[in-house]
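Novice: next one to model:
(2 chains)
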Amino acid sequence: MSVILNEVRRATYLDSIVLMRISRQIAALPGIEEAGLIIGTPANKEILRDAGILGPEGATAEPGDLILALRASDARAGQAALAAATQLLDQPSALGTTAAVESSRTIRAAVQRLPAANLALISVPGDFAVAEARKAMEFGLHVMIFSDNVPIEDEAALKREARERRLFVMGPDCGTAIVAGGPLGFANVVPRGDIGIIGASGTGIQEVSCLIARAGRGISHAIGTGGRDLKAEVGAVTTLMAIDALEADDRTKHVVLISKPPAASVARSVLDRVAKSSKPFTICFLGATDFALPANARSAATLKAAADSVLGASAASPVKPPVRRLDGGRLVRGLFAGGTLCSEAQIVFRQAGLPVMSNVPVPGASAMAGVHDGHVMIDLGDDEFTRGRPHPMFEPGVRDAPLAEALADPSVGLVLLDVVLGYGGHLDPAGHLAAFLAGRERRAVIVASVTGTDADPQPRDAQVRTLVEAGVVVADSNAGAAEAAIAALGVS
Amino acid sequence: MTRDAVVPVLRSGVLAQEFCRSVARANVEAVFERCFYLRGGDEFICVGGADIGDGPLTLIGNLGRLSDFQLQPGWPAAVCERHIVIGKSMRLTLDETESWHSPAWPICLSPAGLTDTCAALARRAAFEAPEEGLARHGVGVPETSGHHPPLARIARPRIAVFERWLSGVLDAGHARLQDSKEAAEALIGLGPGLTPSGDDFLVGALALLDAIGERHAHAALARAITDALPGLTAPLSACLLRAAAAGQVGEALHRAVSSVITGDVDAAAAAAGQIGHSSGWDMMAGVMTALGIAVAARLETPPTAAQALALS
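Specialist: Here you go, the predicted structure:
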């Protein structure tokens, strides 16, 4: 049961930037669902009341006071957060605010400050992303565009211009890349090695790179292309440039290409380019295996199969995690933070001949209807869930309500989850899940995968341990979790 | 620790001078990395090095590294026109202090030119302004990402109240006191930060109205703010709002507003970025909002003689 805690500090003056940093830090602590740190004016108390986190103590604050207000999953998490906040408020210098990270408000200023930079990461509203990318390109910078909502015709034009300048445009909607060992966006800490990845999917790159890393191998570069690069309108501009780059890179010995099934004409041009390469390729057009491949390429229908292919062995433990056969509810509900992980689970179900529904259906799956009367895989990072709310990759609380609904549904016998670690993600997603599940009645079995490595900011081994202690069955891969679910259904 | 260091004050804002004339005893209220605040009654002054910029409530001196003085909130300060003695740590001398006044506003662009400036500023705000404040989500370009922070959600209807009020004042040439008070009260004390975003918004709007010669609207807003202030915002922020209501704003905001009304969007954005974490852009939200309404009003009606002077 959630608790609301408030603390009032009388006549406290702190820099705005310090207040903001403390506020963010508290909000990211395990079990904290919402937090605010603002002065106690009547208008601000209304903001806290509107957010449902104003308690009796906060209501007494005066305009010169500082209110810390939070909602926690339980009293223990709340008290821990209050203690952490007290420490930060008493010693704001611990935040490093006196040596604030240097920031620039324009690309020009950033280039002046860091003239050796050769890449700009653009994360602005979609309407402005292309203009900012062009500015960066004028300074000779490669570009990674994190923003979405960029019109596809603008993406195509921008990529053609970049190609003429011999510059990369990764994105739009590119969440993950690893360039020469440097993680960009949502990426994991993986060793450098001889496997190159080209991916139109952020979580796809994360899952494959982590499976490779956990098998003891490393990544030379992982180049994100944006989800629409292989659409006919864009024509795989970035994918083809990435193949050229990895072809020229001596360190790269094997290339994995990950994408949703592309348009036939685009697939042809990509595979024609692959055929001219001197290096072996693994092509993972998720769920599609009916493309005619050149001799130097192998096909993989899933992310795990792609990792297995490049490693020449099973990337994850072939032993399925022990999941008891379902004796009550017979339906599986998947609740995913990663869109590609949601797709992969659907593919595994389709390969097993099981019908499946989704809000982002893969070929062969059905569009989700209002009533969940079959196996359902939901991408919680899709626009319908994230409009006006944070993405579940950095705010795991987004999954709480659908998870509570699934656990309360007697027809659901098994819940499939993904936990995605790495830079940019929540600091303790397993801890959040464990706190949510603590003391909650549940009939359904919960099976999760954990995408990450032990070197991540949230070490994978500790996250797995937290989940296991919370009674969650943890599989070695996302596909392995889906296979375990299928085994629990008694389907061979 | 530096004991009883003598620090000559080089420049003093006009309201800081008034503080030294009228306040005898004060306290160190807040200490930051580059400046500190003294409080006497409801009034504050800011003391810092030249890098903090001049302002009406500011004393500028060669302080060196402020942490060397080990100032602590609560320390007493004895104040007179000649010097300020703070605990046993610092003696600020005012004998050779120059007075700082904000310069006159420049002549502003035509309404058509200001329209273009408004639009360009709104586009800049949408990606340069900090996520936490009003300029990115509260005003200007409609949000496209679907992300509406709680502050923006609450602020938008309140800004709409302010817009309706200002539009009415500029159209009718007069304001009902109650309407003015409601427009100001809706924003005072709203939002995060040492000076809440809503206060910064109003400071920006006041500066803009002053700069473009909308004296009646400025006076109405200034009076409404002064009447409404008690109990609605933090004492320090209230002091800055009272200064703006008296037509006194700091150097950086003056530069930002001057750049806006002369069409130099780059300079305006740069100046806004130099004020606090989000305060500069929150002020710019008020500037943009007031400017948009004033321009619309001027395009609809021929300017008065007084306005024509400001528009020439």
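
Novice: so where's the stretch 351-492 of chain A shaky on pLDDT?
Specialist: Within the stretch 351-492 of chain A, the stretches with pLDDT under 70 are A:371, A:386-389, A:492.

Novice: which residue ranges of it form helices?
Specialist: For the stretch 351-492 of chain A, the helices defined by DSSP state H, counting those that start in this stretch occupy A:383-386, A:400-408, A:429-437, A:460-469, A:478-488.

Novice: what angle separates the second one from helix A:429-437?
Specialist: What it means is helix A:400-408. Using axes from the mean of the first three to the mean of the last three Cα atoms, to 10 degrees, the inter-axis angle of helix A:400-408 relative to helix A:429-437 is 50 degrees.

Novice: number of nearby residues for the residue in chain A that chain B sits nearest to?
Specialist: Per Cβ to the nearest Cβ, A:T41 is where chain A lies closest to chain B, at 2.9 Å. Any C-beta I mention is one placed from the backbone N, CA and C, and that applies to glycine too. Neighbours of A:T41 under the rule other Cβ atoms under 10 Å in any protein chain shown: 27.

Novice: where does the prediction get shaky in the stretch 51-200 of chain B?
Specialist: Residue ranges of the stretch 51-200 of chain B with pLDDT under 70: B:127, B:137-149.

Novice: kindly recompute the last result at 90.
Specialist: Residues of the stretch 51-200 of chain B that meet the criterion pLDDT under 90 lie in B:51, B:62-70, B:72-74, B:80-82, B:87-90, B:96, B:102, B:108-156, B:171-179, B:192-194.

Novice: which part of it gets nearest to chain A, residue-wise?
Specialist: B:G189 (2.9 Å).

Novice: report the central residue of chain B.
Specialist: Residue closest to the average C-alpha location in chain B (Cα atoms, centre = their mean): B:V203, at 4.1 Å.

Novice: does that one lie in a helix or a strand, and which?
Specialist: Element membership for B:V203 (DSSP states H and E) is helix B:197-211.

Novice: now do the contacts for A:A300.
Specialist: Going by Cβ atoms under 8 Å, 6 or more residues apart in numbering or on different chains, A:A300 touches A:T282, A:I283, A:C284, A:A306, A:D308, A:S309.

Novice: sorry, slip of the keys, the one I care about is B:I261.
Specialist: Counting by Cβ under 8 Å, 6+ apart, B:I261 touches B:W105, B:P106, B:C108, B:L109, B:L114, B:T117, B:L208, B:A211, B:I212, B:L291.

Novice: 10 Å instead?
Specialist: B:105-109, B:113-114, B:117, B:208, B:211-212, B:268, B:287, B:291, B:310 (Cβ atoms under 10 Å, 6 or more residues apart in numbering or on different chains).

Novice: do A:I205 as well
Specialist: Applying Cβ under 10 Å, 6+ apart, the residues near A:I205 are A:174-178, A:185-188, A:197-199, A:219, A:222-225, A:256, A:258, A:303, A:340.

Novice: what score does the residue nearest to it when sequence neighbours are not counted have for pLDDT?
Specialist: Spatial nearest neighbour of A:I205, excluding adjacent residues (Cβ to Cβ, 6 or more residues apart in numbering or on different chains): A:G199 at 3.9 Å. As predicted, A:G199 sits at a pLDDT of 96.

Novice: next one: A:E132
Specialist: pLDDT at A:E132 comes out at 92.

Novice: give me the number of neighbouring residues for the residue lying closest to it once chain neighbours are set aside.
Specialist: Nearest residue to A:E132, sequence neighbours excluded (Cβ to Cβ, 6+ apart): A:I122, at 5.0 Å. A:I122 has 26 neighbouring residues, counting by other Cβ under 10 Å.

Novice: list the contacts of A:I122.
Specialist: Contacts of A:I122 (Cβ under 10 Å, 6+ apart): A:107, A:128-133, A:135-136, A:141, A:143-147, A:150, A:169-172, A:174, B:127.

Novice: one step back: quick one: which of the contacts of B:I261 has the most company?
Specialist: Result: B:V287 is most packed of the contacts of B:I261 (other Cβ under 10 Å), 31 neighbours.

Novice: run the angle between the helix or strand hosting that one and helix B:197-211 for me.
Specialist: Element membership for B:V287, per DSSP H and E: helix B:279-300. In terms of direction (the same axes, to 10 degrees), helix B:279-300 departs from helix B:197-211 by 50 degrees.

Novice: give me the mean pLDDT for helix B:279-300.
Specialist: For helix B:279-300, the mean confidence score works out to 91.

Novice: circling back to that earlier point, I'd say the residue of the stretch 51-200 of chain B closest to chain A and A:D65 touch.
Specialist: No - between B:G189 and A:D65 there is no contact under Cβ atoms under 10 Å: 12.0 Å.

Novice: still on that earlier bit, show me the contacts of A:A300 that map onto strands.
Specialist: Among the contacts of A:A300, the members found in strands (DSSP state E) are A:T282, A:I283, A:C284.

Novice: okay if I get these as TSV plus pLDDT and neighbour count?
Specialist: As requested, the ones in strands among the contacts of A:A300 are exported to TSV (pLDDT from 0 to 100; neighbours: other Cβ atoms under 10 Å in any protein chain shown):
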residue	pLDDT	neighbour count
A:T282	97	24
A:I283	96	24
A:C284	95	32
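
Novice: out of those residues, who's nearest B:V7?
Specialist: A:C284 (67.6 Å; Cβ to Cβ).

Novice: contacts only, for the residue most central in space within chain A.
Specialist: The centre of chain A sits closest to A:M393, judged by Cα atoms, centre = their mean, with a distance of 4.6 Å. Contacts for A:M393 (Cβ under 10 Å, 6+ apart) come out as A:175, A:186, A:202-203, A:206, A:337-338, A:380-381, A:386, A:418-422, A:424-426, A:429.

Novice: do B:T115 as well
Specialist: Counting by Cβ under 10 Å, 6+ apart, B:T115 touches B:L109, B:L291, B:G292, B:V295, B:A296, B:R298, B:L299.

Novice: who wins for neighbours among these?
Specialist: B:L291 (26 neighbours).

Novice: does that one really touch B:V257, like I thought?
Specialist: Yes - counting by Cβ under 10 Å, B:V257 is a contact partner of B:L291 at 9.1 Å.

Novice: all set now, cheers.
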